[in-house]
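Enquirer: Fold the following.
(one chain, ligands or ions: 2)
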Amino acid sequence: MPRLCSSCHRRSPDGVANIYWAYYPSSDNRVSYRGSYCPDCINDHVTPILTNSTDNSEVDVGTQCAICGIDAQDDTQWLYGTAYIPGRESIGLESVLCSSCFATMQAWVITSGKRLPDRASPARREGVTSPVWALLAG
Ligand SMILES: [Zn+2]
Ligand SMILES: [Zn+2]
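Expert: Numbers count the residues shown, from 1 in each chain. Ligands and ions are numbered 1, 2, ... in the order given. Predicted structure coming up:
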């Protein structure tokens with residue numbers, strides 16, 4: 001069934017992969033997006049991250065940027081994701097990127113994806129009065 005790619009906006013006869021992205025602008029601030037991508041866009045933007053994710057136990061990424069391959073050392077940024085690719089199990093992504101590749105990916109994720117509501121932060125949960133609600137909020 002053709003599905004619309006949220007990056008190139010073309011109908012993909014081969015279906016789309018859904019990816020949930022997350023990154024942390026600061027340690028208590030989580031930003032997440034969801035995008036649906038055709039195979040071409042996955043190939044152009046996500047394949048390096050899929051193959052160099054720390055979730056792939058055969059690869060020791062260290063501080064090497066998953067996209068450009070430079071040793072980012074103190075300049076590392078983390079990009080997280082869960083990819084739902086047709087015909088496969090979901091894939092957890094945890095990628096080390098240099099700040100320049102991270103900025104490029106972040107811009108693409110923002111323009112091609114849809115912002116998801118923030119998860120309740122611990123600070124916000126303190127406003128929850130009923131212990132039942134607090135429990136359900138996890
Ligand atoms: Zn596309
Ligand atoms: Zn890089």
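
Enquirer: could you point out which element follows the lengthiest helix in the chain?
Expert: Counting residues, the longest helix found in the chain (DSSP state H) is helix 99-112. Sequence order places strand 114-115 as the next helix or strand after helix 99-112, per DSSP states H and E.

Enquirer: where's that following strand relative to the chain centroid, distance-wise?
Expert: Counting by Cα atoms, centre = their mean, to the nearest Å, strand 114-115 is centred 11 Å from the centre of its parent chain.

Enquirer: got a list of contacts for that strand?
Expert: Residues outside strand 114-115 that contact it (Cβ atoms under 8 Å, 6 or more residues apart in numbering) are Ser6, Val31, Ser32, Tyr33, Arg34, Gly35. Backbone N, C-alpha and C define where each C-beta goes, glycine included.

Enquirer: Kindly recompute the last result at 6 Å.
Expert: Contacts to strand 114-115, defined as Cβ atoms under 6 Å, 6 or more residues apart in numbering, come from residues Tyr33, Arg34.

Enquirer: Show me what that strand pairs with in its sheet, parallel or antiparallel.
Expert: Strand 114-115 pairs in its sheet with strand 29-37 (antiparallel), by DSSP bridges.

Enquirer: Please see if the partner strand touches ligand 1.
Expert: No: contact of strand 29-37 with ligand 1 is not found when judged by Cβ under 5 Å from the ion; the minimum separation is 5.6 Å.

Enquirer: Buried by neighbour count: which residues of that strand qualify?
Expert: Going by neighbour count (16 or more other Cβ atoms under 10 Å), the buried part of strand 29-37 is Val31, Ser32, Tyr33, Arg34, Gly35, Ser36, Tyr37.

Enquirer: No more questions from me, cheers.
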